[in-house]
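Visitor: would you be able to build a 3D model of this:
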Amino acid sequence: MRSLSVFRVPTAVAALSMAFAGCGGGPKGPQLAPVSGVVTLDGQPLPDAHVVFQPSGEKASPSIADTGTDGTFQLAFNRASTGALPGSHTVRITTARIATADDGKETVVEEKLPERYHAKSELKFDVKPEGNRFEIALESKGSARKK
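Guide: The predicted model follows:
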């Protein structure tokens with residue numbers, strides 16, 4: 001099954017807006033920091049989750065990733081650049097999506113995570129200029145632990 005995250009349309013709109021408006025970082029674009037990590041839910045890897053790092057600031061563009069089968073991710077700023085803007089970020093993680101089978105039939109995949117991880121995210125991370133590997137431990141009940 002192929003899948004389309006419910007966050008990909010707004011993210012695509014943001015990316016197109018950035019392409020037309022410029023990203024303010026000069027001819028090569030903004031300085032980005034590499035960001036990778038792993039997302040777990042109740043101690044188990046969380047596959048097929050959509051991860052968004054939204055930096056503080058009105059015109060700051062997000063970085064996104066989808067987790068692999070082992071829960072790992074590597075952020076992309078756009079199609080050509082990996083990483084995220086250094087600074088404080090609100091992180092949103094969701095598992096809700098529309099899955100499309102090979103025959104074209106679409107199925108809604110329900111959200112597994114509490115709102116505190118996506119719509120009303122309580123997740124905050126600081127991206128440093130180098131060495132950003134985050135272990136994001138989510139819990140079905142209670143609150144997230146970060147390392």
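Visitor: which parts of the protein are helices?
Guide: 8-21 (DSSP state H).
Visitor: low pLDDT regions in it?
Guide: Filtered on pLDDT under 70, the chain yields the residue ranges 1-27, 142-147.
Visitor: how close does the nearest residue to Thr40 once chain neighbours are set aside get to Tyr117?
Guide: Of all residues not flanking Thr40 in the chain, Ala137 sits nearest, at 5.2 Å (C-beta to C-beta, 6 or more residues apart in numbering). Every residue, glycine included, has its C-beta placed from N, CA and C. Noted for Ala137: a distance of 11 Å to Tyr117, by C-beta to C-beta, to the nearest Å.
Visitor: neighbour count for the two, which is higher?
Guide: For Ala137 versus Tyr117, neighbours defined as other C-beta atoms under 10 Å are more numerous around Tyr117 (25 against 17).
Visitor: hang on, that one packs against Arg92?
Guide: Yes. Between Tyr117 and Arg92 a contact is recorded at 7.1 Å, counting by C-beta atoms under 8 Å.
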